[in-house]
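Visitor: Attaching a predicted model along with its sequence, questions to come.
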Amino acid sequence: MKKYFFTSVAALSIFLFSCEESKYPLSSLPKGDKVKNIGDTVFVQQNPAWSGFNNPQAIIVGNEPLVYVADTDNDRIVMMDLSGYVIGYSKYIKHPIGLAQDKLLRLIVCAEFDTVLQGRTAPTTFGAVYKIDLFAAKHNIATADVHRVYYEPSDTVRRFTAVATLSDNQYYITRVGPNNDKLIDNDIAVMQFSSSDRFLTTIPELTPGGTGIKSLHNLTGIATMPTGRSVEFVISQTGDKAQFKVQWIRLISAGQTTNWESKFDPKDNPDLDIFRLNHFTTPEGVALDGSGNLYVIDAGKDSLFRFTTLGIEKYSFGGLGSGPGKLNNPHGVAYFDRTLYIADTGNNRIVRFKLSTDL
């Protein structure tokens with residue numbers, strides 16, 4: 001089986017590189033604030049698109065590296081190689097929408113489960129966090145156990161929407177829910193977990209409600225650097241009251257104290273691209289590459305936005321559709337080896353764009 005897998009990968013890799021790449025014309029990009037084309041990078045769409053999904057909402061490239069997709073309405077995680085060959089499917093996992101992998105090759109999944117509570121006949125749905133230990137299963141995702149490692153039995157309305165890992169296998173989870181007027185333990189939060197899945201804390205400087213920086217609303221995505229540094233992360237969020245829909249947060253040390261603060265101060269940088277009013281509509285996912293560039297996928301604008309580590313927009317593309325360079329309600333984005341992988345949710349596919357400065 002292992003021999004066949006690597007033979008298949010090699011054959012498909014040769015096929016992939018022999019395929020014709022289609023570079024869409026930049027003149028076809030939408031006008032106005034829909035997308036903004038700045039800078040020296042060209043995105044070359046790779047063919048073919050990967051199909052066979054049902055409402056895919058998250059995608060990552062793991063540490064192996066292999067590609068994993070949260071195939072949301074098929075209630076499973078799909079494992080593929082970098083050429084798009086499907087290696088296998090996970091066991092049933094209800095409505096997965098968030099996905100990450102730690103350094104021990106364990107998948108961490110934000111999803112749901114149903115259970116019948118005492119005294120009731122109809123099932124109740126809870127949000128939950130799962131782990132899939134691929135190393136223990138010898139990377140056979142079809143036989144790997146899906147372990148529920150965290151849920152909150154006293155709360156049926158909270159949901160976990162995104163996950164990002166750190167170098168020591170701790171991880172962050174974004175949580176949402178309607179109850180956010182309490183002094184402590186509000187529904188909306190960025191939660192930190194140990195590598196053994198013990199809930200440690202919520203980030204106290206980030207609070208629900210309000211319109212200022214570090215205000216939390218409907219959290220949709222979170223990303224850390226590929227190195228897993230714990231000193232910064234990026235979150236995306238939606239909602240009419242969310243003025244800062246993409247926030248880059250980092251840990252600041254001052255003497256004996258440390259605090260989580262915005263990487264950029266909107267008072268000092270009011271015209272910074274990442275802060276521009278109404279620049280984002282419904283950002284659903286974020287990713288960082290090894291150089292610190294930020295990628296934001298916006299479902300409302302059907303577009304991908306790219307920012308430098310200084311918060312300056314350098315290249316963006318998209319527009320509603322299914323043709324070259326077009327997207328439909330995209331929800332997830334990943335970066336690996338100069339390639340963007342986008343969960344093009346409305347088109348039920350994965351599309352790839354190769355980054356090139358030579359074209």
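Guide: Good, I have the coordinates.
Visitor: Stretch 139-149: which residues count as buried?
Guide: 139, 141, 144, 146, 149 (16 or more other CB atoms under 10 Å). C-betas here are computed from N, CA, C, even on glycine.
Visitor: again with stretch 198-218
Guide: 202-203, 206-208, 213-218.
Visitor: Going toward the C-terminus from the helix or strand where Tyr68 lies, what's the next helix or strand?
Guide: If you go by DSSP states H and E, Tyr68 is part of strand 67-71. Sequence order places strand 76-80 as the next helix or strand after strand 67-71, per DSSP H and E.
Visitor: Distance from the chain centre to that following strand, please.
Guide: Distance of strand 76-80 from the chain centroid (CA atoms, centre = their mean, to the nearest Å) equals 15 Å.
Visitor: buried ones in stretch 337-348?
Guide: Residues 339-348 are the ones in stretch 337-348 that count as buried (16+ other CB under 10 Å).
Visitor: Give me the subset of these lying in strands.
Guide: 339-344 (DSSP state E).
Visitor: Output these in TSV, with distance to Ser316 appended to each entry.
Guide: Shown next, in TSV, are these (distance: CB to CB, whole Å):
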residue	distance to Ser316
Thr339	17
Leu340	12
Tyr341	17
Ile342	13
Ala343	17
Asp344	16
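Visitor: of those, closest to Phe43?
Guide: Phe43 lies nearest to Leu340 out of those, by CB to CB, at 7.0 Å.
Visitor: Am I right that the closest one is in contact with Val333?
Guide: Yes: applying CB atoms under 8 Å, one finds Leu340 in contact with Val333, separated by 6.4 Å.
Visitor: any residues in contact with both of these two?
Guide: Listed as contacting both Leu340 and Val333 by CB atoms under 8 Å, 6 or more residues apart in numbering are 295, 304.
Visitor: Thr201 in helix, strand or coil?
Guide: strand (DSSP: H, G, I helix; E, B strand; the rest coil).
Visitor: And Arg349, how far from Ile59?
Guide: Separation of Arg349 from Ile59 (CB to CB, to the nearest Å) stands at 11 Å.
Visitor: In terms of neighbours, single out the busier of these two.
Guide: Ile59 (29 against 19; other CB atoms under 10 Å).
Visitor: quick one, strands of the stretch 1-150 of the chain?
Guide: For the stretch 1-150 of the chain, strands defined by DSSP state E, counting those that start in this stretch occupy the ranges 42-50, 56-61, 67-71, 76-80, 86-89, 94-101, 106-115, 124-133, 146-151.
Visitor: where does the stretch 151-300 of the chain dip in pLDDT?
Guide: 228-230 (pLDDT under 70).
Visitor: Strands along that one, start to end?
Guide: For the stretch 151-300 of the chain, the strands defined by DSSP E, counting those that start in this stretch occupy 159-165, 171-176, 189-193, 199-202, 207-208, 215-216, 218-223, 232-238, 246-254, 257-262, 283-288, 294-298.
Visitor: Just list what the next helix-or-strand element following the last one packs against, helices and strands only.
Guide: So the one you mean is strand 294-298. The first helix or strand that comes after strand 294-298 along the chain, using DSSP H and E, is strand 303-307. For strand 303-307, the packing partners by 3 or more CB pairs under 8 Å, 6 or more residues apart in numbering; DSSP states H and E come out as strand 294-298, strand 313-318.
Visitor: thinking again about what came up before, how about the ones in strands among the buried residues of stretch 337-348 in CSV, adding distance to Ser90 and pLDDT?
Guide: Formatted as CSV, these follow (distance: CB to CB, whole Å; pLDDT from 0 to 100):
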residue, distance to Ser90, pLDDT
Thr339, 23, 96
Leu340, 24, 96
Tyr341, 18, 98
Ile342, 21, 98
Ala343, 16, 98
Asp344, 21, 98
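Visitor: quick check, nearest of those to Phe53?
Guide: Nearest to Phe53 among those, with distances taken as CB to CB, is Ala343, at 8.0 Å.
Visitor: State the distance from the closest residue to the closest one other than its chain neighbours to Lys326.
Guide: Computed as CB to CB, 6 or more residues apart in numbering, the closest residue to Ala343 that is not its neighbour in sequence is Gly332, at 3.3 Å. Distance, Gly332 to Lys326, using CB to CB: 17 Å.
Visitor: In terms of neighbours, single out the busier of the two.
Guide: The residue with more neighbours, out of Gly332 and Lys326, is Gly332; 28 against 21, by other CB under 10 Å.
Visitor: Contacts only, for the more buried one.
Guide: Counted by CB under 8 Å, 6+ apart, Gly332 has contacts 56-59, 69-70, 99, 284-285, 297, 342-343, 345.
Visitor: Could you report the distance from it to Leu219?
Guide: According to CB to CB, Gly332 and Leu219 sit 15 Å apart.
Visitor: and what of Glu112?
Guide: From Glu112 to Leu219 the distance is 16 Å (CB to CB).
Visitor: out of these two, which sits in the more crowded spot?
Guide: Leu219 (25 against 18).
Visitor: What is the nearest of the buried residues of stretch 139-149 to Ala128?
Guide: Of those, the one sitting nearest to Ala128 (CB to CB) turns out to be Val149, at 8.2 Å.
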